[in-house]
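K.L.:
The amino acid sequence is not available; the structure is as follows:
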């Protein structure tokens, strides 16, 4: 079993760290929010006073942080991971950040002699708690193979996407597709409602026809057809509007940086921005259906 430093014990990082504990690893955790650190200690982990303390003596360091600026600071800033970690420690960043930041930090880590992986996740809080996350991993093959058993303690699908930054690239491309698909599914069900077509009937037809997609069959945005979808629990978030908006913004930034036209992605960003502005930032991103139909809050569809 390994000694792991884990920085960022929030909604995603907390349950990920607990799964590492369940797998028998020693996890030295740090979070700027004391309640998160206390919860980690209550689960059997070691709560440290600083990020630097969390990585001392660790064979692996995992970070789960809000944005690129936080990742750059935690790794390269004063008292950061690169300055505090022991020789040969494998660094794994599971934050969802911009590709450029991921590659900048990977270069800095490499220059200091540390192998590093960018390993953002898909699956939301539910997947983090269940240990069924998908990891999209960028970095050297040797580092990937070394980190694989650690990632497998937290996830079900671990995919090596290629060189440094490619994990982040895969994450934002995937979530842009999901963001666009959810809006298309929402529009289809809204149109069906106005045309007098029952939502269940549309689902029964489209889920087995050419309109089939994950946004419909696993996460249907209207109550009824998919019992496990957030639509059936007042849009309580599995993946919040704010989180989807963040990923859509990252996708648009990446598209602009490489000169790729993504008009549907841009529209999805605009619509989820409007959705957040209606007070649904903390609700599931599938709540966009309410904004599109002119409703608000957790109003359902009949």
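P.N.:
Thanks, I have it. All of these numbers come straight from a predicted model, not from anything done at the bench. Residues are numbered from 1 along each chain as shown.
K.L.:
List the buried residues for the helix or strand containing residue 247?
P.N.:
In the assignment (DSSP states H and E), residue 247 maps to helix 241-258. If you call a residue buried by 16 or more other C-beta atoms under 10 Å, then helix 241-258 has these buried ones: 241-248, 250-252, 254-255. Yep, even glycine has a C-beta here, placed from its N, CA and C like the rest.
K.L.:
For the stretch 101-250 of the chain, just list every one of the strands.
P.N.:
With strands called from DSSP state E, counting those that start in this stretch, the stretch 101-250 of the chain shows them at 116-118, 121-122, 133-138, 155-162.
K.L.:
okay, the ones you listed in CSV with mean neighbour count and distance to residue 203 next?
P.N.:
Output for those, formatted as CSV (neighbours: other C-beta atoms under 10 Å; distance: least, C-beta to C-beta, whole Å):
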stretch, mean neighbour count, distance to residue 203
strand 116-118, 30, 37
strand 121-122, 21, 23
strand 133-138, 25, 25
strand 155-162, 18, 26
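K.L.:
remind me, longest helix of this structure?
P.N.:
helix 166-194 (DSSP state H).
K.L.:
okay, the angle between that one and strand 155-162?
P.N.:
Put simply, helix 166-194 runs at 120 degrees to strand 155-162, going by axes from the mean of the first three to the mean of the last three C-alpha atoms, to 10 degrees.
K.L.:
orientation of helix 166-194 relative to helix 241-258 in degrees?
P.N.:
Per the same axes, to 10 degrees, the angle that helix 166-194 makes with helix 241-258 is 120 degrees.
K.L.:
Show the average pLDDT along helix 166-194.
P.N.:
Helix 166-194 shows a mean pLDDT of 97 in the predicted model.
K.L.:
same question, stretch 232-239
P.N.:
On average, stretch 232-239 scores 93.
K.L.:
Now tell me what touches it from outside.
P.N.:
124-126, 219, 223-224, 226, 230, 280, 282-287, 290, 298 (C-beta atoms under 8 Å, 6 or more residues apart in numbering).
K.L.:
List the buried residues for it?
P.N.:
232, 235, 237-239.
K.L.:
re earlier: which entries within the contacts of stretch 232-239 meet the buried criterion?
P.N.:
124-125, 219, 223-224, 226, 230, 280, 283-287, 290, 298.
K.L.:
Looking at those, which are in helices?
P.N.:
124-125, 290.
K.L.:
between these, which is nearest residue 38?
P.N.:
Residue 38 has its nearest neighbour among these in residue 125, at 18.9 Å by C-beta to C-beta.
K.L.:
show me the contacts for that closest one.
P.N.:
With contact set as C-beta under 8 Å, 6+ apart, residue 125 has these partners: 11-12, 15, 237-238.
K.L.:
if I look at it, how far off is residue 15?
P.N.:
Residue 125 sits 7 Å away from residue 15, going by C-beta to C-beta, to the nearest Å.
K.L.:
How about residue 256?
P.N.:
Residue 256 is 34 Å from residue 15, by C-beta to C-beta.
K.L.:
Noted, bye for now.
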